[in-house]
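A.B. asks: Here is my input; please provide its structure:
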Amino acid sequence: MLKGHVRAAVRWLTERADKGGVLDISTYTNDGPKTVLDVLKEKHPDPAQSSAEVFLSCSELSPLIDVDITGSHVEKVARQIQGSAGPGGSTVSHWQGFLLCYGPHSAKLRDAVAELARHLANSIVEWRILRKVIVMATRDDITDLCGVDQLCSGLKCGIEGSTKSEALYSKEGVGQGDPLSMLMYASALMPLIKSLSNPTTWIQNWYADDSSCTAKLTDLCVWFDKLCDLGPKYDHEAEAKSMFQHLGIKVMNGYRFLGGFIGDRESTKQFLDNKITGWVNNLLKLSKAAESQPQAAFAALSKSMQFEWSYMQRILPSYEEAFTPIWNTLYQYFWPAIFEGTISDHEKQLFSIPARLGGMGVRNPIESAKIAYTTSRAGTRNIVDAIKGKM
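C.D. replies: The predicted model follows:
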């Protein structure tokens, strides 16, 4: 918390720090006598000859565009980057200190890094922080190319994430853990996405190689058959055959989708209840910590934890009352631990007011759920219309 790593502190306090993250490459998996490294190597198969059909026909190649990278790009990356920044094992905090904390000297270093990034923009880039700078400078072009057809290209609703632990060289495709890989993959997959596009019959969503489609069952079968036919031409043939050889398709009433849930009301309610139960348990742990560290606990709630359920409120409509357990936990356990006493009804309302108006800035989850979905629908209307082919 003192270093500003609020989310990491919340995950540690609520005993979620060990979930996900970097795996030991020598650890055996649940899929028989295979280590993590063995599974990663399987994801990097030998290269295969691509089908001529997947290449775009053109009379001449487009000229290489000079990538204009400045010190301001480096500054933006330095303020945002997380994880490994390299080289030589340097941490993010080291590079942020070098690039941000020494006034004109940091400015000269940012310009030098930008000049090096410009030189390497069309070559092999070894340092991860330079790759991130190139992503910052070129992301808008890839986003314009992919639009809403490929959500991993840097669109505001996309997600970027990468981890690095072991040097594992790709034999085909793009490398894992490289910030540039996602943009390369997004643009390379566009011909396949365009070939499957038919907005009058179905609506498809892509995030990297994860695809989904909404249509009548008969049309959905047509889309899936077309994907099975075209997919091997864009992917490694042996891997594609193993994926589509036995199509054990399971019909379900609901399933998780991009951090949320799509399904009938009963399945959605069950999913949300499970999430809320977890958040209530985490609030109880935070309330215990608030007895000895009230300021840190309040920062964890206001800056991190309350946004965990606010995302779910934006994507799931008409479930306001489901958030009542969170409201009760806040005012029966958390606030009394902060103030070492009971909380009146007047104070409950005061705490929900933004801090700039004299409140505590912790929103009432029941009230915020009533407007969150409507606000989100209005804010993403253009993206939704574009996905549906109305723009």
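A.B. asks: didn't residue 110 look like it was pressed against residue 99?
C.D. replies: Yes. The pair residue 110 / residue 99 is scored as a contact, 5.5 Å apart, by Cβ atoms under 8 Å. For every residue, glycine as well, the C-beta is placed using N, CA and C.
A.B. asks: Mind listing the shared neighbours of these two?
C.D. replies: Counting by Cβ atoms under 8 Å, 6 or more residues apart in numbering, the common neighbours of residue 110 and residue 99 are 74, 75, 78.
A.B. asks: residues near the last one, how many?
C.D. replies: A count of neighbours around residue 78, defined by other Cβ atoms under 10 Å, yields 23.
A.B. asks: So it lies in a helix, does it not?
C.D. replies: Yes. Counting by DSSP: H, G, I helix; E, B strand; the rest coil, residue 78 is part of a helix.
A.B. asks: Now it: closest residue in space that isn't a chain neighbour?
C.D. replies: residue 99 (4.2 Å; Cβ to Cβ, 6 or more residues apart in numbering).
A.B. asks: how many other residues sit next to the one you found?
C.D. replies: Neighbours of residue 99 using other Cβ under 10 Å come to 22.
A.B. asks: Output whichever helix or strand it is part of in CSV with nothing but the alpha carbons.
C.D. replies: For residue 99, the host element (DSSP states H and E) is helix 92-100. C-alpha atoms of helix 92-100 as CSV (Å, rounded to 0.1, in the frame of the first residue of the first chain):
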residue,chain,number,x,y,z
VAL,A,92,9.6,-1.0,-13.3
SER,A,93,10.3,1.2,-10.3
HIS,A,94,13.9,1.5,-11.4
TRP,A,95,13.0,2.7,-14.9
GLN,A,96,10.2,4.9,-13.6
GLY,A,97,12.8,6.6,-11.3
PHE,A,98,15.3,7.0,-14.2
LEU,A,99,12.8,8.4,-16.6
LEU,A,100,10.5,10.5,-14.4
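A.B. asks: what's downstream of that helix, the next helix or strand?
C.D. replies: Helix 92-100 is succeeded, C-terminally, by helix 103-120 (DSSP H and E).
A.B. asks: Pull out the buried positions in the helix holding residue 99.
C.D. replies: 92, 95, 96, 98, 99, 100 (16 or more other Cβ atoms under 10 Å).
A.B. asks: same check, this time on stretch 214-221
C.D. replies: By neighbour count on 16+ other Cβ under 10 Å, the buried set for stretch 214-221 is residue 215.
A.B. asks: Check the burial of residue 182 by counting its neighbours.
C.D. replies: 23.
A.B. asks: Ok, the one 5 residues further on next?
C.D. replies: Look at residue 187: counted by other Cβ under 10 Å, it has 15 neighbours.
A.B. asks: likewise residue 388?
C.D. replies: Residue 388, neighbours per other Cβ under 10 Å, totals 12.
A.B. asks: That one and residue 291, how far apart?
C.D. replies: Residue 388 sits 51 Å away from residue 291, going by Cβ to Cβ, to the nearest Å.
A.B. asks: what about stretch 97-117, average pLDDT?
C.D. replies: Across stretch 97-117, pLDDT averages out at 89.
A.B. asks: same check, this time on stretch 62-82
C.D. replies: 79.
A.B. asks: Could you tell me the end-to-end distance of it?
C.D. replies: Criterion Cα to Cα, to the nearest Å; first-to-last residue distance in stretch 62-82 is 34 Å.
A.B. asks: What are the buried residues along it?
C.D. replies: Buried residues in stretch 62-82 (16+ other Cβ under 10 Å): 67, 69, 71, 73, 74, 75, 77, 78, 81.
A.B. asks: Just the ones in helices from those, please.
C.D. replies: Applying DSSP state H to the buried residues of stretch 62-82, the entries found in helices are 71, 73, 74, 75, 77, 78.
A.B. asks: any idea which of those is the one closest to residue 61?
C.D. replies: residue 73 (26.6 Å; Cβ to Cβ).
A.B. asks: ok, the closest one touching residue 114?
C.D. replies: Yes. Contact criterion Cβ under 8 Å: residue 73 and residue 114 qualify, at 6.3 Å.
A.B. asks: what is in contact with these two at once?
C.D. replies: residue 133.
A.B. asks: Residue 389: what's it in contact with?
C.D. replies: Neighbours of residue 389 in contact, by Cβ under 8 Å, 6+ apart: 199, 200, 203.
A.B. asks: So which of the residues you listed wins on neighbours?
C.D. replies: residue 203 (17 neighbours).
A.B. asks: is it in a bridge, and if so with what?
C.D. replies: Counting by DSSP bridges, residue 203 is bridged to residue 214.
A.B. asks: okay, it: pLDDT?
C.D. replies: 85.
A.B. asks: What distance do you get for it to residue 10?
C.D. replies: Taking Cβ to Cβ, one finds residue 203 at 36 Å from residue 10.
A.B. asks: lowest confidence element among the helices and strands of the protein?
C.D. replies: Ranked by mean pLDDT, DSSP states H and E, the weakest helix or strand in the chain is helix 237-244, scoring a mean of 47.
A.B. asks: Go ahead and list the helix or strand containing residue 318.
C.D. replies: Going by DSSP H and E, residue 318 is not in any helix or strand.
A.B. asks: Over to residue 211?
C.D. replies: Residue-wise, residue 211 maps onto strand 210-214 under DSSP H and E.
A.B. asks: Moving C-terminal from that strand, which element do we reach first?
C.D. replies: helix 217-234.
A.B. asks: and that following helix with strand 210-214, angle?
C.D. replies: 160 degrees (axes from the mean of the first three to the mean of the last three Cα atoms, to 10 degrees).
A.B. asks: Show me what helix 217-234 is packed up against.
C.D. replies: Helix 217-234 makes packing contacts with helix 190-196, strand 210-214, helix 237-244 when contacts are defined by 3 or more Cβ pairs under 8 Å, 6 or more residues apart in numbering; DSSP states H and E.
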